[in-house]
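In: Below are the sequence and a predicted model for it; my questions follow.
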Amino acid sequence: MENNWTVAKQIVEIMKREQIDRVFSVPGESFLDLMDEIYKDGSIDFVAARHEGGASFMAEAYGKASKKPGVAAATRGVGASNLAIGVHTAYQDSTPMVVFLGQVERRFRGREGFQEIELEQMFAPMTKWTYELTDPGRTNEMVSRAFRIAQSGRPGPVVISLPADLLGEKSAYKELPGYQVSRPFPEVNEINQAVELLQTAKRPLIVAGGGVLLSDAEALLQRFAEKTNIPVLASFRRHDVIPNNHEQYVGHSGLGTLPAILDTARQADVVLAIGTRFSEITTQSYSLFSEQMTLLHIDIDPDTLGKVYPPDVGVTADAAKALTALLESTVQPKTEWKEWAKQRRNAYLEATAIPDRPHPDTVDMQQIIRNMQNILPEDAIITNDAGNFSAWLHNYYQFHNAHTYIGPTSGAMGYGLPAAIAAKLARPEQTVVSLSGDGGFMMTVQELETAKRENVPVIALVFNNSMYGTIRMHQEKQFPGHVIGTSLADIDFTGLAEAIGIRSERIKDDASFADALKRAMEQKEPAVIEVICDPEKISVLSDLSDFHK
């Protein structure tokens, strides 16, 4: 059956078909028709953020948490420019995301109309596909394609720009089925080659990335690691690929990773990489893995294979399908593999052990993480910003359940709070905690009002040392004593939160943190806990004074 519907109504129908239940946005006059159709339909929640950057972070994190494409909307060039940070994050994080951007009327295009930007050119380098819809008769085709591209292969963001005068025009609409994600199988001969090379290993290592999470292959990965006794190293900000209390888990390679954990990667002679693109951070600036290693690389995107390290065997396949094939293969674990895994697991446990040593007069970040570990439920979702504070989380917090960590591999500041809001909306039954530094928190602090207005009870932890800590650390390394641009004012985040109507506490010692966290968890409203940190403790691996010796 065909209907004669406006472009705006067709877009809403397509979103419903794709099981989209939320759109994150800052309203704009260029797409009011679309907003009105969302209003009239009533089945899609329109979440109004306070900044397009916050809205796009929410959409990206919602895509991670809901396992569906996150959807964002913004107006023309100015809204689109603000929103770009979340699009870039989705691109680097392989998150399915569809963005609708208002555009100037078609009759004004090319005249530098009000807020006009060539959106296709602007977003092309950071999206899988971008398209400006100009023919109402192609709405169903092109918007359907957008959702298909966002979810297929290596997922990512797609941008569709919508001229303001187009949205009210009508064309025929025919109902189509929603997109079903394709899961490509590996070739049998490729799996056989991989197994043959794996059997030559003395110190094998699995490096598991986001592809494992996207294909819901965590349980399969665990079974394969148990069957073979091969240790598992998580790639940057993909901690929850396997329970961190599992005997095969040997740590995570990221920013500020402890030396003992990096040694595991350096010592490995055969690496089985599954669903990872070997990012700059995972590879420690492309220096971590030995050139002598044998590499078996599995990824759903053929362009990922060989982009950083040429594989001895490259397999284009979905992670779950590849792990299923490996489990059914003839791979035979060796006694030395079990000893190797035990040795590296012990190295991880020794490096990450936190003594119970609360401080009544200062903040030790290890004790903060220890308290989080002891108090939060195992299914609590953790989100975080970029910043040195996150290295304590990455090194010491153990994620026991799948899909309980949401962080930007793009390293975007300002991500933590809006991501937490989105995660709580997607999975309201779980506790959600965000971690931010004072620099990153100020970039999206206005979304506290969104959390309050939408009644989203997230817990926001703000680690305040009155500086851009990560940049200060690099500044001191390269130009000791030449401090410029990295010192910040002492913001009263507690007072700021309370001005918005959000309960907040300021903590100056880690001994007080546990009770503050428990109080925040007991209330059914958003909460902020500001933790005053010693600027001297600049990172997990060094103090500020170390750079002046």
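Out: Ah, there it is.
In: So which residues make contact with the helix or strand of the chain with the lowest mean pLDDT?
Out: Sorting the helices and strands of the chain by mean pLDDT, DSSP states H and E puts helix 469-478 at the bottom, at a mean of 81. The contact list for helix 469-478 (CB atoms under 8 Å, 6 or more residues apart in numbering) reads 386-389, 437, 439, 482-487, 535, 538-539, 542, 544, 547-548. (Glycine included, C-beta is placed from N, CA and C.)
In: Now go through the residues you listed and say which are in helices.
Out: Using DSSP state H, the members of these that fall in helices are 389, 439.
In: Just the buried residues of the contacts of helix 469-478.
Out: If you count burial by 16 or more other CB atoms under 10 Å, the buried members of these come out as 386-389, 437, 439, 486, 538-539, 544, 547.
In: bridging residues for Ser461?
Out: If you look again at residue 461, you'll see it is Leu, not Ser. Using DSSP bridges, the bridge partners assigned to Leu461 are Leu435, Ile529.
In: That one and Leu435 touch, don't they?
Out: Yes - counting by CB atoms under 8 Å, Leu461 sits close enough to Leu435 to count as a contact (5.0 Å).
In: Which ones among the contacts of helix 469-478 map onto strands?
Out: Gly437 (DSSP state E).
In: next one: stretch 359-378 to chain centre, how far?
Out: 23 Å (CA atoms, centre = their mean, to the nearest Å).
In: One more: stretch 65-78?
Out: With CA atoms, centre = their mean, you get 15 Å for stretch 65-78.
In: cool, and stretch 370-390?
Out: That offset, for stretch 370-390, works out to 14 Å (CA atoms, centre = their mean).
In: now the end-to-end length of it.
Out: 14 Å (CA to CA, to the nearest Å).
In: Now do the buried residues in that stretch.
Out: Residues 370-372, 376, 380-390 are the ones in stretch 370-390 that count as buried (16+ other CB under 10 Å).
In: Stretch 199-211 too?
Out: So stretch 199-211, judged by 16+ other CB under 10 Å, has buried residues 201, 203-211.
In: same question, stretch 525-543
Out: 526-533, 537-540.
In: Which of the helices or strands spans the closest residue to Leu220 other than its chain neighbours?
Out: Spatial nearest neighbour of Leu220, excluding adjacent residues (CB to CB, 6 or more residues apart in numbering): Leu323 at 4.0 Å. Here Leu323 sits within helix 319-327, counting by DSSP states H and E.
In: Just the C-alpha atoms of whichever helix or strand comes after that helix, please, in CSV.
Out: Next helix or strand after helix 319-327 toward the C-terminus (DSSP H and E): helix 335-352. What follows is helix 335-352 as a C-alpha-only set of coordinates in CSV (Å, rounded to 0.1, in the frame of the first residue of the first chain):
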residue,chain,number,x,y,z
THR,A,335,50.7,-26.6,28.4
GLU,A,336,53.0,-23.6,27.9
TRP,A,337,50.0,-21.5,26.9
LYS,A,338,48.4,-22.1,30.3
GLU,A,339,51.6,-21.2,32.1
TRP,A,340,52.0,-18.1,30.0
ALA,A,341,48.4,-17.0,30.7
LYS,A,342,48.8,-17.6,34.4
GLN,A,343,52.1,-15.6,34.5
ARG,A,344,50.6,-12.6,32.7
ARG,A,345,47.4,-12.7,34.8
ASN,A,346,49.5,-12.6,37.9
ALA,A,347,51.4,-9.7,36.5
TYR,A,348,48.1,-7.9,35.9
LEU,A,349,46.8,-8.7,39.5
GLU,A,350,50.0,-7.5,41.1
ALA,A,351,50.1,-4.3,39.2
THR,A,352,46.5,-3.4,39.8
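In: in helix 335-352, what's buried?
Out: Buried, per 16+ other CB under 10 Å, within helix 335-352: 337, 340-341, 344-345, 347-348, 351-352.
In: Looking at those, which is nearest Ile491?
Out: Checking the buried residues of helix 335-352 against Ile491 with CB to CB, the nearest one is Thr352 at 31.5 Å.
In: The closest one contacts Asn395, correct?
Out: Yes - applying CB under 8 Å as the test, Thr352 and Asn395 come out as touching, 6.0 Å apart.
In: Can you pull the residues that touch both of the two?
Out: Contacts common to Thr352 and Asn395, judged by CB under 8 Å, 6+ apart, are Leu258.
In: So for stretch 14-26, what gets flagged as buried?
Out: Those would be 14-15, 17-18, 20, 22-26, for stretch 14-26 by 16+ other CB under 10 Å.
In: which two from those end up farthest apart in space?
Out: Greatest spatial distance among the buried residues of stretch 14-26 (CB to CB): Arg17 and Val26, at 25.3 Å.
In: helix or strand for Leu100, which one?
Out: Residue 100: Phe, not Leu. Phe100 belongs to strand 97-103, assigned by DSSP H and E.
In: Alpha carbons only: can I get that strand in CSV?
Out: C-alpha atoms of strand 97-103 as CSV (Å, rounded to 0.1, in the frame of the first residue of the first chain):
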residue,chain,number,x,y,z
MET,A,97,24.4,6.9,14.1
VAL,A,98,22.1,8.8,11.8
VAL,A,99,22.1,12.6,11.8
PHE,A,100,19.5,14.8,10.3
LEU,A,101,20.6,18.4,9.6
GLY,A,102,18.4,21.2,8.4
GLN,A,103,19.6,23.1,5.4
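In: returning to what we had before: so what's the residue nearest to Leu220 up against?
Out: 217, 220-221, 223-224, 274.
In: got a winner among these for most neighbours?
Out: Most neighbours among the contacts of Leu323, by other CB atoms under 10 Å: Ile274, with 29 neighbours.
In: Check that residue and give its pLDDT.
Out: Note for Ile274: predicted pLDDT of 97.
In: ok, now Met1?
Out: For Met1, pLDDT reads 60.
In: How about Arg109?
Out: On pLDDT, Arg109 comes in at 78.
In: again, but for the one 10 residues further on
Out: Reported pLDDT at Leu119 in the predicted model: 82.
In: Pull the contacting residues for it.
Out: 77, 80, 101, 103, 130, 132, 159, 161.
In: Does Ala351 touch Leu262 like I think?
Out: No - the pair Ala351 and Leu262 fails to qualify as a contact (CB under 8 Å) at a distance of 10.1 Å.
In: which parts of stretch 169-176 are buried?
Out: Quick answer for stretch 169-176 (16+ other CB under 10 Å): 170-171, 173.
In: If you could redo that for stretch 254-264, that was the one I meant.
Out: 254-258, 260-262, 264.
In: same for the host helix or strand of Ile85, what does it pack against?
Out: In this assignment (DSSP H and E), Ile85 forms part of helix 76-93. Applying 3 or more CB pairs under 8 Å, 6 or more residues apart in numbering; DSSP states H and E, one finds that helix 76-93 contacts helix 52-66, strand 70-74, strand 97-103, helix 119-123, strand 157-163.
In: Same question for it: list its buried residues.
Out: Taking 16+ other CB under 10 Å as the criterion, helix 76-93 shows 76-77, 79-93 as buried.
In: ok, now stretch 432-446?
Out: Buried, per 16+ other CB under 10 Å, within stretch 432-446: 432-446.
In: Could you find the closest non-adjacent residue to Leu258?
Out: Nearest residue to Leu258 in three dimensions, chain neighbours excluded: Ala351, at 4.5 Å (CB to CB, 6+ apart).
In: And the pLDDT for that neighbour?
Out: So Ala351 comes in at 95 (pLDDT).
In: ok, it - contacts?
Out: Residues in contact with Ala351 (CB under 8 Å, 6+ apart) are 251, 258-261, 395.
In: Return the subset of these lying in strands.
Out: Using DSSP E, these in strands are Gly251.
In: Restricted to helices, list the contacts of Ala351.
Out: Of the contacts of Ala351, the ones assigned to helices by DSSP H are 259-261, 395.
In: Dump those to TSV, plus pLDDT and distance to Ala520.
Out: Compiled in TSV, these are given as follows (pLDDT from 0 to 100; distance: CB to CB, whole Å):
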residue	pLDDT	distance to Ala520
Pro259	93	34
Ala260	95	33
Ile261	95	31
Asn395	93	24
